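*Asks:* Here's my sequence, what's the structure:
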Amino acid sequence: MDEQKNQETEPKPVDRTAEEATEPEPKPAKKISIGGSRWHRLKTWYVSHKKLSIPLTVLVLLLLLAVVPWTRYKIGGLFIKKDVLVYTADSKSGSTIYQAGVTLDGKRPGASGKPPYPYYFKGVSIGRHKISFGASYYKSSQNVVTIDVGLSKNHNIKILGQATGRLVTIRLTNKISGKAVPNLQVKAGKSVTKTDWKGDGSVVVDPNLTSVQVEISGQGYNTFVTKVPVNAGEVNFNQVVVVPAGKIYFLSKLSGKIDVVKTDLDGANRQTVLAGTGNEDDQNTVLLASRDWKYLALLSRRAGTFDTLYLIDTSNDSLTVIDEGDVTFDLLGWSDNYFTYVVHRPSVSAWQSNASSIKSYNAQTKQLISLNSTSATGSSNADAVYETYIIKPILLDNVIVYEKTWYKYPGYLTVDGHTNSLNAIKPDGTGSKQIKILDSAKSYFGDMVFHSPSSVYVGISNVDGSAGSYYELNLSGALTQKDLTSDDVFKTYPTYLFSPNDKQTFWAEPRDGKNTLLIGDSDGLNGKSTASLSDYSPYGWYTDTYLLVSKNSSELYIMPADGTKNPTKISDYHKPAQSFNGYGGGYGGI
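*Replies:* Just a heads-up that it's a prediction; the model follows:
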């Protein structure tokens, strides 16, 4: 019985295989499932947004490097490079030290594609570097510098040199304008510097010197050598004036003959370019300069009985014959590189063509162009019918305006079957046009007055003596009738001198009893006073910065165009009897 009881109470064995088969397979933990999904999405976004993800990665790395200083230079230096610019200056005067010996980790600065100053080191790794400095009469130095990460492409370093020699300080002033002159080289012995925006510069020289020779040079100015004292203590500037580069050409009778002479802008370094022969006509020798002063037209009788027209090329002072012969010349002026004029041939009979011609000469190509000539018919004076330029043609900036009128010998205006004409042509021979024609039996063009830089007044007269009319002709060739009287037309008009850039005009007007010098726009309007100098008259420009003025028709001066300084005398000069009033095509004609 006890055996049976024990059998009933003993637990039965469990079939685990069957039990597990009937239970469902456990699912992955929820936390693991979500984490995997996020990683996958992040990876997908990173790959598909490289334009944003990669810069962000670099930025994070840079930030990590910036906040972990013990690793940023060692690691960052492997792939972060910067260009290093080293500036050197005198510790006392602050002037730049040029031609110093500067090295970075023993290497000299590179020069490829860079100016000699500042000293340039390309592709320097961030971190610590040794920089060395040395210059004549300066204490040598060596320091450790840190090229930091930063955001700038370049890293700038300034070294202040401690002078062991004596200081020479210079303050440069433009002699013509009175203004400070920056960026000129100042050299004394082995020491070299450049002037700053105030015109200041300093060099250090042998401490045993009490004075030193200084050479000043640079673009736009004449090289100037002078001796200056050496500063013993405090910085005391040596005031030095320098002269802008350039040459002024003019006629001079100082030798007793009429010479062509040139000087610097302040009258220094005078040279005779073309010596007179003694055959020159004292009243009819003329020198006219182109606006850029590259060329000069010289009318002179150097030999024989006839005048000759010459070209002087100021790049080498060579002399070329433009035109010559048994002719007389009426000079019109310069238009860019073209010199324009009229020739009259006394030997041509009234019934023959080409008695007069309008010509131009290209100073660059040495080409002479005949722009227009007069016509004629007949076989003797008795039946001669001929054209004339009744009024001298006018050079209106870049257009020559001229009238042609028919006559019968010996000078009667009534000519049947012909037309009088008002015409225009450019100095290069293009743009020829007939602006207006008149029946030569009834009317003719008379007065032509240059009253502004861009227009002329033209009068039309009637053969029968009835009242005529006045017109205004502008640069475009437009002819407009004006309600004017002869008193309106025949006023005294200024002579407007065009600036080299053609954007300004220079002229004089009497105001309150003084001869006032004015600068205005290309039309001679909006004039502003640059000086009230009763004794001075316009002569020309030298570049767009300086004005040339004359005094008593015998003294030549130069002054700044803004009138900030009184004129500086260049020289006395010879003024011929001819004046080219209304002439804006060159300089030296009034």
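
*Asks:* for stretch 161-181, how far is the first residue from the last?
*Replies:* 24 Å (Cα to Cα, to the nearest Å).

*Asks:* Now do the buried residues in it.
*Replies:* 161, 163, 165-172, 174-177, 181 (16 or more other Cβ atoms under 10 Å). The way it works is simple: take the backbone N, C-alpha and C, and place the C-beta from them, glycine included.

*Asks:* just the residues you listed now: which is nearest Lys190?
*Replies:* Lowest distance from Lys190 to the buried residues of stretch 161-181 (Cβ to Cβ) belongs to Gly165, with 10.1 Å.

*Asks:* give me the number of residues near the residue lying closest to the closest one once chain neighbours are set aside?
*Replies:* Leaving aside its chain neighbours, Gly165 sits nearest to Tyr137 (3.0 Å; criterion: Cβ to Cβ, 6 or more residues apart in numbering). Neighbourhood size, Tyr137 [other Cβ atoms under 10 Å]: 18.

*Asks:* And for Ile437?
*Replies:* Residues lying near Ile437 (other Cβ under 10 Å) number 14.

*Asks:* ditto for Thr146
*Replies:* With other Cβ under 10 Å as criterion, Thr146 counts 10.

*Asks:* same question, Asp282
*Replies:* Based on other Cβ under 10 Å, the number of other residues close to Asp282 is 11.

*Asks:* quick one: it and Lys257 touch, right?
*Replies:* No. Asp282 is not in contact with Lys257 according to Cβ atoms under 8 Å; the separation is 10.0 Å.

*Asks:* got the contact list for the strand or helix carrying Met448?
*Replies:* Using DSSP states H and E, the element containing Met448 is strand 443-452. With Cβ atoms under 8 Å, 6 or more residues apart in numbering as the test, strand 443-452 has contacts from 390-391, 394, 396, 401, 403, 405, 413, 420-422, 438, 456-463, 468, 470, 486, 489-491, 493, 496, 523-524, 581-583.

*Asks:* Okay, now the sheet partners of that strand, with direction.
*Replies:* Counting by DSSP bridges, the strands paired with strand 443-452 are strand 455-462 (antiparallel).

*Asks:* Now do the buried residues in the partner strand.
*Replies:* Quick answer for strand 455-462 (16+ other Cβ under 10 Å): Ser455, Val456, Tyr457, Val458, Gly459, Ile460, Ser461.

*Asks:* dump the residue contacts of the fourth one.
*Replies:* Taking Cβ under 8 Å, 6+ apart as the definition of contact, the neighbours of Val458 are Glu403, Leu422, Phe445, Asp447, Met448, Tyr470, Tyr471, Glu472, Leu473, Leu479.

*Asks:* quick revisit: now, among the buried residues of stretch 161-181, which is nearest to Thr226?
*Replies:* The closest of those, once distances to Thr226 are taken by Cβ to Cβ, is Ile170, at 9.4 Å.

*Asks:* Wait, a helix at that closest one?
*Replies:* No. Counting by DSSP: H, G, I helix; E, B strand; the rest coil, Ile170 falls outside a helix, being strand.

*Asks:* ok, it to Ser466 distance?
*Replies:* According to Cβ to Cβ, to the nearest Å, Ile170 and Ser466 sit 75 Å apart.

*Asks:* quick one, helices of the stretch 51-200 of the chain?
*Replies:* 69-76 (DSSP state H, counting those that start in this stretch).

*Asks:* pLDDT below threshold where in it?
*Replies:* Within the stretch 51-200 of the chain, the stretches with pLDDT under 70 are 51, 53, 58-79, 111-115, 151.

*Asks:* Show the residue spans covered by the strands in it.
*Replies:* Using DSSP state E, counting those that start in this stretch, the strands of the stretch 51-200 of the chain run over residues 81-90, 101-104, 119-125, 127-134, 141-147, 154-161, 166-174, 185-188, 191-194, 200-205.
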